[in-house]
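1. here are the coordinates; sequence isn't available:
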């Protein structure tokens, strides 16, 4: 997710007002450390995004790609759009997360605008995206005003695919509410832990011998 420097500054301004600290240098150091960390994260993000774009542009079939996205809420209740790119590398499909995009509004048109800004911001041609995969929520798959419909105006040939794995995820979540299935999954988990510990102990014993 893209966190701006102004957000960091605003956070520490609030902290300065709400905390009575005998050592003001502590707040200054925390502020500087946070900003330096943010700069490092930004540099890493830019590097990874440039590698993804480079691989897309080096495809033998051309700079075509597909997108997968879903709107999520993080632990601080910020709405975000997770944007994943799918393309071909070494004759095999690969998928990479491009970015978590902050979303002030979650209607289809606003989500589409945010996605286009993210794609063009890293140097990708929106007209070359050839597929889109997302869930069946109205804001995403609505026939006229949904994200998919709005984005298809930029690339009419892009095919919309419903994300079937979401149904599997919902089914698994529902199954976990069943007591017997919950106990079974817990048993499998404990068995896996015991087998892992047994394997480590066996390797250690062999090493000693």
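-> Here it is on my side, so go on. Values in this document were obtained by computation on a predicted structure and should not be read as measured data.
2. just the strands in this protein please.
-> Along the chain, counting by DSSP state E, strands occupy 65-73, 79-89, 92-102, 129-134, 159-162.
3. Need the pLDDT of the nearest residue to residue 148 once chain neighbours are set aside.
-> Spatially, and ignoring its direct neighbours in sequence, residue 148 is nearest to residue 160 (4.6 Å; Cβ to Cβ, 6 or more residues apart in numbering). Heads up, the C-betas are built off the backbone N, CA and C, glycines and all. On the pLDDT scale, residue 160 is placed at 80.
4. List the residues that contact residue 160.
-> Contacts here follow Cβ atoms under 8 Å, 6 or more residues apart in numbering; on that basis residue 160 touches 131-134, 141, 148, 152.
5. what's the spacing between it and residue 92?
-> Distance, residue 160 to residue 92, by Cβ to Cβ, to the nearest Å: 23 Å.
6. Just give me the residue right at the centre of this protein.
-> Nearest residue to the geometric centre of the chain (Cα atoms, centre = their mean): residue 82, 4.0 Å.
7. quick one: contacts for that residue?
-> Shown in contact with residue 82 (Cβ under 8 Å, 6+ apart): 69-72, 97, 100-101.
8. hmm, try it at 10 Å
-> 1, 68-72, 97-101 (Cβ atoms under 10 Å, 6 or more residues apart in numbering).
9. same thing with residue 120?
-> Neighbours of residue 120 in contact, by Cβ under 10 Å, 6+ apart: residue 126.
10. Please verify my assumption that residue 68 contacts residue 84.
-> Yes. Residue 68 is within contact range of residue 84, at 4.1 Å (criterion: Cβ atoms under 10 Å).
11. Identify the contacts common to these two.
-> Common neighbours of residue 68 and residue 84 (Cβ under 10 Å, 6+ apart) are 95, 97-98, 133.
12. Now tabulate the residues you listed in JSON lines and tack on pLDDT and distance to residue 111.
-> Formatted as JSON lines, the shared contacts of residue 68 and residue 84 follow (pLDDT from 0 to 100; distance: Cβ to Cβ, whole Å):
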{"residue": "95", "pLDDT": "91", "distance to residue 111": "20"}
{"residue": "97", "pLDDT": "90", "distance to residue 111": "17"}
{"residue": "98", "pLDDT": "91", "distance to residue 111": "15"}
{"residue": "133", "pLDDT": "82", "distance to residue 111": "14"}
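13. What's the ChimeraX line that selects buried ones from those residues?
-> Command for ChimeraX, covering only those of the shared contacts of residue 68 and residue 84 found buried under the criterion 16 or more other Cβ atoms under 10 Å:
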select :98,133
